[in-house]
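# Generate a structure from the sequence data that follows.
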Amino acid sequence: MQTPEQIAKCRGLLPDISAKDINSANVDFDELPSDVSFPICGHPDEVDLEIAYHQEPGELAEQLGLSLEGCKELIDSMRRMAEATGNGAYPHSCNSAYPGVHSVSYFDGPTSWPTHLQRTLTDVEFQSIIDAKVWGPSGDPNGTPFTMSELKSVWGNSPLNQVVNDFVEETYRRWGVILYPSTDGENGQHNIHVTYPVIAGSVIGVGWFPGDDPCPGDHVNLHIDQTYKAGFQDQVGLKGHEKGHTLGLPHEFSGQESHQEPMSYRYRNHLYVGFSDGSPVFGLPKAPSIKLLTKFYGGKPEGIPWKGKFMDNPVPIPPVVPVPAGNTITLNIDGVVTTYLVTKTVVTTPVDDGPIVHH
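Have a look, this model is predicted:
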């Protein structure tokens, strides 16, 4: 098992301490994230150039308490971060269906979802969305929050994982990225491929960085540990975090000195998107990263909030067609045919529900 010092080194938090000296180093953990001993996902937080360009993976693996394969993957992740350039994967020109927009397709087949992700949300989980005061039908984080009836009208019977995906989509939409589910099957031409394997060790999710091509084809893999049985809030945080990696986001970006949503670990009250835990709301849209990500991805929200789930869509009112007296009208209602003789036609003035015609 790795020591906290080794974990911190692997996460890029101790770049000034060499790997060979890591186990004898005097590390001040008060200056590091409070959860340094719990690596939530398999990616480094920051670049450690010693690791990125290490020439002896076997030697480094022994120094850091890693398997040889795990060490090679760490070196590869560090090197990708060290050599990253440009404005991230999936620029505006990648998808002709969404011209001028960062847009990414993903496949997340329901038949692969573990049983605990197929249950419906509890009232407590719905209430946490309301209490956050940043989620509402308009998609504006400063708008009117959801009510319980609104939430249940759309998601009351939905599997937990579907609601998770909808909230991750809305999170990314708010800073200019359209995530859209693919129905082309696991072997189709989608960008991100989500699966639920058992992940060894304490890692609960891995989102692979895309390759050097700025418009990656299929498939950039995203793995969620099938044994991770946390509730709605943590599932949203985990999947939103790993989606960031598949778009090329490391844990720290734009020169930040701390990690914020969506790429943070759970550092000291850094709630992923403002879910309430009884503390003052901290998260979307209050987190510093939101402005940075919005600027990074184009400067404004894109698409329709919640994919139109809360759009007003009144039933069209049929036109009024007066039938002169003396004519007949035949109605077929559930197979029962009845003919009426029109004796007088009266058209009332319109009301809120539309015009009413009496025959």
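# Could you check the pLDDT of the nearest residue to residue 238 once chain neighbours are set aside?
Nearest residue to residue 238 in three dimensions, chain neighbours excluded: residue 205, at 4.9 Å (CB to CB, 6 or more residues apart in numbering). Yep, even glycine has a C-beta here, placed from its N, CA and C like the rest. On the pLDDT scale, residue 205 is placed at 86.
# For residue 236, see how far away residue 205 is.
12 Å (CB to CB, to the nearest Å).
# Check residue 69 too.
Separation of residue 69 from residue 236 (CB to CB): 30 Å.
# Check residue 101 too.
From residue 101 to residue 236 the distance is 23 Å (CB to CB).
# Between these two, point out the one with more neighbours.
residue 236 (24 against 19; other CB atoms under 10 Å).
# I'd assumed that one was in a strand, is it?
No. Under DSSP: H, G, I helix; E, B strand; the rest coil, residue 236 sits outside any strand and is assigned helix.
# Distance check, it against residue 6.
For residue 236 relative to residue 6 (CB to CB), the value is 30 Å.
# Next: residue 307.
Counting by CB to CB - residue 307 and residue 6 are separated by 43 Å.
# which of the two has more neighbours?
Per other CB under 10 Å, whichever of residue 307 and residue 6 has more neighbours is residue 6, with 18 against 15.
# That one sits in which helix or strand?
According to DSSP states H and E, residue 6 maps onto helix 4-10.
# contacts for the next helix or strand after that helix?
Where DSSP H and E defines the elements, the next helix or strand beyond helix 4-10 is helix 49-52. Applying CB atoms under 8 Å, 6 or more residues apart in numbering, the external contacts of helix 49-52 come out as 9-10, 12, 15, 18-19, 44, 60, 74-75, 78-79, 81-82.
# Mind checking which of the residues you listed are buried?
Neighbour counting with 16 or more other CB atoms under 10 Å marks 9-10, 12, 19, 44, 60, 74-75, 78-79, 81 as buried within those.
# Format these as TSV; extra columns: pLDDT and distance to residue 242.
Listed next are the buried ones among the contacts of helix 49-52 as TSV, based on pLDDT from 0 to 100; distance: CB to CB, whole Å:
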residue	pLDDT	distance to residue 242
9	90	22
10	89	18
12	83	18
19	95	27
44	73	14
60	96	25
74	88	17
75	91	20
78	83	18
79	83	20
81	67	16
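# From residue 61, how far out is residue 155?
45 Å.
# Then residue 243?
29 Å.
# Settle it for me: which of the two has more neighbours?
residue 243 (26 against 20).
# what residues are up against residue 12?
Under the criterion of CB under 8 Å, 6+ apart, the contact list for residue 12 reads 44-48, 51, 78.
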